[in-house]
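Peer 1: Sequence and predicted structure below; questions after.
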Amino acid sequence: MISGKTINNLEGITNEETDGSLSETEINELLSNRRRRVILSYLQVCDGPVKIESLIEHLTYQELEGCSGDRSTRLFEEITEAVWSDHLPLLAEHDVIKYDRESGKLRGWTNAGQLTHRL
């Protein structure tokens, strides 16, 4: 979602609220969270739009390493909530990603390169 709207076309919409450049403060805020760094790394490795469900599974798998097996469903639900309510909207607001809730896909966008080279 960008500006409260679902993106139906991952190719044709940008966020008019940003000027195409992130401040050092914004970059630090966006990279301060481990899950957002993993999202950006995942997008770097994948070619084209990625399924958000696959991204959530990837995040869950990474966080489950070294944990007891009983925690997986709870963790998956926690990560799903955080991705949809926190991480995707924040990254989209800064034109780092675009995502479409209907198709369940996301892709890197205009400002992604300003962050990925710092990973």
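Peer 2: Perfect, I can see it now.
Peer 1: can you give me the strands in this protein?
Peer 2: Here the chain has its strands, by DSSP state E, at 50-51, 97-100, 105-108.
Peer 1: ok, and which of the ones you listed has the densest surroundings?
Peer 2: Mean neighbour count (mean count of other C-beta atoms under 10 Å) peaks for strand 97-100 among the strands of the chain, with a mean of 24. In short, each C-beta sits where N, CA and C put it, glycine included.
Peer 1: Tell me which strands that strand pairs with, and in which orientation.
Peer 2: If you go by DSSP bridges, strand 97-100 pairs up with strand 105-108 (antiparallel).
Peer 1: Quick check: mean pLDDT of the strand it pairs with?
Peer 2: Across strand 105-108, pLDDT averages out at 94.
Peer 1: ditto for stretch 31-43
Peer 2: 94.
Peer 1: Same question for stretch 92-102.
Peer 2: On average, stretch 92-102 scores 94.
Peer 1: Only alpha carbons, please: show it as PDB.
Peer 2: Written as PDB, here are the backbone C-alpha positions of stretch 92-102 (Å, rounded to 0.1, in the frame of the first residue of the first chain):
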ATOM      1  CA  ALA A  92       6.700   1.600   0.300                       C
ATOM      2  CA  GLU A  93       6.300   5.000   1.900                       C
ATOM      3  CA  HIS A  94      10.000   5.600   1.200                       C
ATOM      4  CA  ASP A  95       9.800   4.300  -2.400                       C
ATOM      5  CA  VAL A  96      12.100   1.400  -1.500                       C
ATOM      6  CA  ILE A  97       9.500  -1.200  -2.600                       C
ATOM      7  CA  LYS A  98       6.200  -1.500  -4.300                       C
ATOM      8  CA  TYR A  99       3.800  -4.200  -3.400                       C
ATOM      9  CA  ASP A 100       0.300  -5.400  -4.300                       C
ATOM     10  CA  ARG A 101      -1.900  -7.000  -1.700                       C
ATOM     11  CA  GLU A 102      -4.200  -8.600  -4.300                       C
END
